[in-house]
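Visitor: need coordinates for the following:
(4 chains)
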Number of protein chains: 2
Amino acid sequence: MTEADFELRDFLPFLLNQAAEEVSLGFAQVYKARYGMLRTEWRVLAHLGSRGPMTASDIAASAKVHKTKISRAVSALETRRFLSRTTVETDRRRELLRLTDMGKAAFDDLVATARAYDRDVARQFTTEEQAVLRRCLARLAGL
Amino acid sequence: MTEADFELRDFLPFLLNQAAEEVSLGFAQVYKARYGMLRTEWRVLAHLGSRGPMTASDIAASAKVHKTKISRAVSALETRRFLSRTTVETDRRRELLRLTDMGKAAFDDLVATARAYDRDVARQFTTEEQAVLRRCLARLAGL
DNA sequence: GCATATTGGTTGTATTTGTAACCAACAAGG
DNA sequence: CCTTGTTGGTTACAAATACAACCAATATGC
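Guide: Numbering: from 1, shown residues only, chains lettered A, B, ... in the order given. Below is the predicted model of the structure:
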């Protein structure tokens, strides 16, 4: 007999993946449809929008995303004029990224959408559940 | 002023992705190192192991994974002799997938590893937190 | 100052994935 | 039967990702 009583739905890595996929797929469609943005691009936008100008590797470190992914997302956002780069004069390897007016507008708009989406998702839980859920996820995410 | 008080870490889709990535990355390395299996392959193995023989589209439906992904995972598992196919005689489009002895052994082994990993992850939470977390995730995942 | 190592960032190539087109087996309607 | 439509599954091609090699600027050791 093999381990017949093993249930995938009790397995945390599986549960997390499944939930994450389900939840972020819905939101991905929103901003993809509206701005043609990929997940990483939206995340770069969010970082710059909420924390102000920073360099690519700052974002990579804070979002724990590989720098090549960031690099490509930044190019895409630059091409669409959502952000601009300026080389840091004291260290000319680094470039400070900042949102253009268009980028800020997109960010504001996406924040509104994001908040509404978040409320929508959260609504199916009690306040206590929400608190526990967010706390546990933050811990797991290493925040 | 742009929406400066928006914090990514409060945004559920982001939290979920981050947590999922962090948690399943660790486990992925275990079974990738041991069996050279990809996530989808391990999930196919898990389905067949815990629910017995079934067809590719059964798995696709139950795991909510696209059938092409399943198809490729099944071929990979077949090549490595973890499973075998037999055409269903009453409907020759469908093929019943079942684990070979090797597949069963791999499944048993992975179940043990998975349980240990799960315990490890869960240990940082209280019993109540665990219950809430699993319940919420299951709901979000649509289980 | 000069060789060496490190860091910020990009590019090239091999995998992986998603989307759509596809084939074969079956089902339904006439 | 013979069209037409559906379903299970695979394949082909495009997009996305990971990984390693790379370039330029700076830091470090001597």
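Visitor: contact residues of chain A facing DNA strand D?
Guide: Selection of chain A residues close to DNA strand D by C-beta under 7 Å from any atom of the strand yields A:38-40, A:66, A:68-69, A:72, A:90-93. Quick note: C-beta positions are derived from backbone N, CA and C, even for glycine.
Visitor: mind redoing it with 10 Å?
Guide: Residues of chain A found near DNA strand D (C-beta under 10 Å from any atom of the strand) are A:28, A:32, A:36-41, A:65-73, A:76, A:87-94.
Visitor: what about burial for those residues, which qualify?
Guide: Burial by neighbour count, 16 or more other C-beta atoms under 10 Å in any protein chain shown: within those this picks out A:28, A:37-41, A:65, A:69-70, A:73, A:76, A:94.
Visitor: among those residues, show me the least confident.
Guide: Comparing pLDDT over those, the lowest score belongs to residue A:28 (82).
Visitor: filter the buried ones among the residues of chain A next to DNA strand D by proximity to chain B?
Guide: Checking those against chain B by C-beta under 8 Å from any C-beta of the partner chain, the ones in range are residue A:39.
Visitor: which ones among the buried ones among the residues of chain A next to DNA strand D lie within helices?
Guide: If you go by DSSP state H, these have A:28, A:39-41, A:69-70, A:73, A:76 in helices.
Visitor: among those, which two are most distant?
Guide: With C-beta to C-beta as the measure, no two of those lie farther apart than A:28 and A:70, at 18.0 Å.
Visitor: show me what counts as buried in the host helix or strand of residue A:131.
Guide: Following DSSP states H and E, one finds residue A:131 within helix A:127-141. Residues of helix A:127-141 classed as buried: A:129-130, A:132-134, A:136-137, A:140-141 (neighbour count, 16+ other C-beta under 10 Å).
Visitor: got the angle for it vs helix B:127-141?
Guide: 90 degrees (axes from the mean of the first three to the mean of the last three C-alpha atoms, to 10 degrees).
Visitor: how far off centre is helix A:127-141?
Guide: Remark: helix A:127-141 is offset 17 Å from the chain centroid, using C-alpha atoms, centre = their mean, to the nearest Å.
Visitor: thought residue A:28 was touching residue A:39?
Guide: Yes: with contact defined as C-beta atoms under 8 Å, residue A:28 reaches residue A:39; the gap is 6.0 Å.
Visitor: for the ones in helices among the buried ones among the residues of chain A next to DNA strand D, which one is nearest DNA strand C?
Guide: Nearest to DNA strand C, judged by C-beta to the nearest atom of the strand, of these is residue A:70 at 6.9 Å.
Visitor: contacting residues for that closest one?
Guide: The neighbours of residue A:70, taking C-beta atoms under 8 Å, 6 or more residues apart in numbering or on different chains as the test, are A:40, A:44, A:56-57, A:59-60, A:63.
Visitor: how does it look with 6 Å?
Guide: The contact partners of residue A:70, by C-beta atoms under 6 Å, 6 or more residues apart in numbering or on different chains, come to A:56, A:59-60.
Visitor: most neighbours, which of the residues you listed?
Guide: Tallying neighbours with other C-beta atoms under 10 Å in any protein chain shown puts residue A:59 at the head of the contacts of residue A:70, with 22 neighbours.
Visitor: roughly how far does that one sit from residue B:116?
Guide: Per C-beta to C-beta, to the nearest Å, residue A:59 is found 35 Å from residue B:116.
Visitor: quick one: secondary structure of the closest residue to residue A:66 other than its chain neighbours?
Guide: Nearest residue to residue A:66, sequence neighbours excluded (C-beta to C-beta, 6 or more residues apart in numbering or on different chains): residue A:60, at 6.9 Å. Applying DSSP: H, G, I helix; E, B strand; the rest coil to residue A:60 yields a three-state assignment of helix.
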